[in-house]
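K.L.:
Fold the following.
(one chain, ligands or ions: 1)
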Amino acid sequence: MPFCARKCPYCDFYSLAGAEDMFDEYAKALIRDIQSTGNKEISVDSIYFGGGTPTLMPAKLLCDISEAVKRSFNTAEDTEITVESNPFTADKSYYKELTKAGFNRISFGVQSCVDSELKSLGRLHSFEQAQTSILEAYDAGFENISCDLMMGIIGQSVDSLMFSIDKLCSLPITHISAYMLKIEKDTPYDCDEIKNSIADDDTSAEMYLAAVDMLKENGFEQYEISNFCKGRFRSRHNMKYWQLAPYYGFGPSAHSFIGGKRYYYKRDIQGYINAPEKLLEDGECNALEEYTMLSLRLTDGISVQKYKELGGDVARFETLAEKLCRHGMAKYDGKMLSLTAQGFLVSNSIIAELI
Ligand code: SF4
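P.N.:
Next up, the predicted model:
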């Protein structure tokens with residue numbers, strides 16, 4: 001859903017501000033594309049409306065699109081249907097319309113509970129407004145509520161991050177995605193002034209480890225490098241990416257993974273409306289590389305057996321596993337190797353040693 005009320009200066013997702021007049025036409029194009037791709041032999045148990053800010057669109061359009069997916073694929077009774085939202089873009093009656101149509105998970109871009117930090121990120125909402133939206137969504141029947149939290153914001157300290165986590169944990173939420181602020185190429189944040197003001201590596205590491213500890217104290221289990229949940233509320237949608245399950249993406253800049261191949265649509269909404277064209281991504285997928293990279297993001301970890309089956313060097317794996325365990329960076333039970341929070345901090349170099 002490539003629409004936003006205003007572009008945030010750090011964001012490189014494909015989305016347009018001030019394109020409300022395209023909502024209807026875009027929803028029609030999506031429904032056409034979903035219907036022409038649909039196949040009742042394909043089972044679906046997760047539908048995800050990402051953005052952009054899907055909740056800028058009328059609820060009726062989101063419900064129509066969701067119905068089109070259900071009609072076109074073999075959709076399970078208990079399908080997880082998620083909608084991404086930004087605080088204060090919708091109200092309780094809007095959320096009710098969604099829950100009535102089967103939406104059962106909502107993910108809010110809260111980012112911080114400190115207003116000066118929200119301002120520095122160019123966000124349009126205050127924490128109080130975020131809080132109101134979360135409570136309204138909960139009252140409207142969303143029991144599975146996720147919040148995005150950002151670390152490394154200009155002006156953020158470990159203490160203010162702890163304050164944000166404390167505030168979020170007092171709300172009726174089930175899931176938190178905690179990401180480090182990353183400077184994306186060609187965004188307004190991609191300049192020396194910003195690069196020199198954001199948290200350095202040591203502070204970022206301190207923030208990450210403190211966040212992992214505090215979330216654990218508050219009952220959020222870490223199941224992925226940046227994702228934490230209460231009880232059974234792992235994101236089914238996200239797990240599919242990390243477990244290399246197939247998925248269909250629709251809309252400009254959406255990606256798909258079908259039959260071991262990756263496809264994408266161009267970042268061009270008008271082109272999509274005129275004639276959606278799924279393009280094959282360049283380059284062969286290397287199964288060992290993908291499996292290693294994705295499974296090491298998860299606290300379930302990587303299976304030595306699967307690594308071996310995909311052509312990995314088991315002797316190298318065992319030597320590295322022993323070294324990582326000795327330094328408190330991983331756990332290994334002879335079958336699964338999983339990184340600890342310390343290990344996640346250097347996961348890129350660990351992955352590089354394994355592939
Ligand atoms: S609201 Fe989200 S998708 Fe839209 S510009 Fe901001 S960060 Fe990007």
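
K.L.:
where exactly do the strands run in the stretch 201-350 of the chain?
P.N.:
221-224, 227-229, 255-258, 261-264, 279-280, 302-303, 330-332, 336-339 (DSSP state E, counting those that start in this stretch).

K.L.:
In TSV: those strands, plus distance to the ligand, mean pLDDT and mean neighbour count.
P.N.:
C-beta here means a position set from N, CA and C on the backbone, and glycine is covered the same way. TSV is the format used below for the strands of the stretch 201-350 of the chain (distance: least, C-beta to the nearest ligand atom, whole Å; pLDDT from 0 to 100; neighbours: other C-beta atoms under 10 Å):
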stretch	distance to the ligand	mean pLDDT	mean neighbour count
strand 221-224	20	98	18
strand 227-229	17	98	24
strand 255-258	16	95	16
strand 261-264	17	94	15
strand 279-280	22	95	10
strand 302-303	31	97	21
strand 330-332	33	97	19
strand 336-339	28	98	21
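
K.L.:
Of all these, which one is nearest Tyr95?
P.N.:
strand 227-229 (20.7 Å; C-beta to C-beta).

K.L.:
now Tyr265: how far from the ligand?
P.N.:
17 Å (C-beta to the nearest ligand atom, to the nearest Å).

K.L.:
does whatever residue of the stretch 101-250 of the chain ends up closest to the ligand belong to a helix or a strand, and which?
P.N.:
The ligand sits closest to Gly109 of the stretch 101-250 of the chain, with a gap of 5.3 Å, by C-beta to the nearest ligand atom. Secondary structure from DSSP states H and E places Gly109 in strand 105-111.

K.L.:
Residues in contact with that strand: which ones?
P.N.:
Contacts to strand 105-111, defined as C-beta atoms under 8 Å, 6 or more residues apart in numbering, come from residues 53, 80-87, 95, 98, 117-118, 121, 123, 127, 130, 133-134, 137, 142, 144-150, 153, 168, 175, 177, 235.

K.L.:
follow-up on the earlier one: same list (the strands of the stretch 201-350 of the chain) but as CSV, adding distance to Thr187.
P.N.:
Formatted as CSV, those follow (distance: least, C-beta to C-beta, whole Å):
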stretch, distance to Thr187
strand 221-224, 25
strand 227-229, 24
strand 255-258, 20
strand 261-264, 20
strand 279-280, 24
strand 302-303, 33
strand 330-332, 34
strand 336-339, 29
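
K.L.:
looking at the ones you listed, which is closest to Ala5?
P.N.:
That would be strand 255-258 among those, by C-beta to C-beta, at 24.4 Å.

K.L.:
just to revisit the earlier point, looking at the contacts of strand 105-111, which are in helices?
P.N.:
Tyr95, Leu98, Glu117, Leu118, Phe127, Ala130, Ser133, Ile134, Ala137, Leu168 (DSSP state H).
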